[in-house]
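**Q** Fold the stuff below for me.
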Amino acid sequence: MATAWELARENGLAGLSLRDLARRLGMAAPSLYSYVDSKADLYDAMYADGWRSVLALGHPEPADDVRTALLNVQRPYVQWALEDPVRYQLLNQRTIPGFEPSAPSYAIAQEAYARSFSSLEPLVELTQGDRDLITAVVAGLLSQQFANDPGGTRWVRLLEDAVDLVVPRLEAKKKPAASARGRHPQ
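**A** Residues are numbered from 1 along each chain as shown. Prediction:
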């Protein structure tokens, strides 16, 4: 897996070839087929591996306020994306024609997606629209960063400003405070 990622970083995702991978691993190309059935299977394994690396970031730090809760998950994710744009690209953009992850690999992605909202769920009644907006804002910053200032910070430095645009929407959906939820009228 590490060698496949290495080659994808060198040649781009579309430039990844099983023949080059086999050569780099010191084996004949046909021998590689005992590990993967096709290039699509290799992409699928890389996809699952990439999402496992997102899960390895761990659970976001809990917070008492919406802004902090949102930043506690988005800062590590943005840093993760910046560390490996090729990995981010495979997981979050449709750059490989015809590639669709298998159900088991996609389940890992869904787990990571759900975890990305876990710090907000105790605080806010999140809708799918809220999740979509947060995802779109962060993905937009990352897309602009990779396309227009690769290796820089022009776009991702705006993360806190972008979060500040979303927070009022989420604040309007705050759950009652935990202490108030446990009280009963007398």
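**Q** and the nearest residue to Thr127 once chain neighbours are set aside, what is it in contact with?
**A** Excluding the flanking residues, the one nearest Thr127 by Cβ to Cβ, 6 or more residues apart in numbering is Lys173, at 7.7 Å. Using the backbone N, CA and C atoms, a C-beta is placed for each residue, glycine as well. By Cβ atoms under 8 Å, 6 or more residues apart in numbering, the contact set of Lys173 is 124-127, 130.
**Q** can you list those residues in CSV and add distance to Arg157?
**A** CSV is the format used below for the contacts of Lys173 (distance: Cβ to Cβ, whole Å):
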residue, distance to Arg157
Val124, 25
Glu125, 31
Leu126, 26
Thr127, 29
Asp130, 24
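**Q** which helices and strands does the host helix or strand of Ala114 pack with?
**A** Element membership for Ala114 (DSSP states H and E) is helix 103-115. The contact analysis (3 or more Cβ pairs under 8 Å, 6 or more residues apart in numbering; DSSP states H and E) places helix 103-115 against helix 39-55.
**Q** burial measure for Phe146, as a count.
**A** 19 (other Cβ atoms under 10 Å).
**Q** Give me the pLDDT value at it.
**A** Looking at Phe146, its pLDDT is 96.
**Q** Backbone dihedrals for the residue nearest to Thr127, please?
**A** phi -110, psi 20 (degrees, to the nearest 10).
**Q** which intervals of this structure have sub-threshold pLDDT?
**A** 178-186 (pLDDT under 70).
**Q** Please, where are all the helices along it?
**A** 2-11, 18-25, 29-32, 39-55, 66-83, 85-92, 103-115, 128-148, 159-171, 178-182 (DSSP state H).
**Q** What are the contacting residues of the second one?
**A** When contacts are taken as Cβ under 8 Å, 6+ apart, the neighbours of helix 18-25 outside the stretch itself are 3-4, 6-7, 11, 28-29, 31-33, 36, 39, 42.
**Q** Next: the longest one.
**A** The contact list for helix 128-148 (Cβ under 8 Å, 6+ apart) reads 70, 74, 77-78, 81-82, 85, 88-89, 92-93, 113, 117, 124, 152-156, 158-159, 162-163, 165-166, 169-170, 173.
**Q** coming back round to it: check the spacing between the residue nearest to Thr127 and Gly12 real quick.
**A** Counting by Cβ to Cβ, to the nearest Å, the gap from Lys173 to Gly12 is 41 Å.
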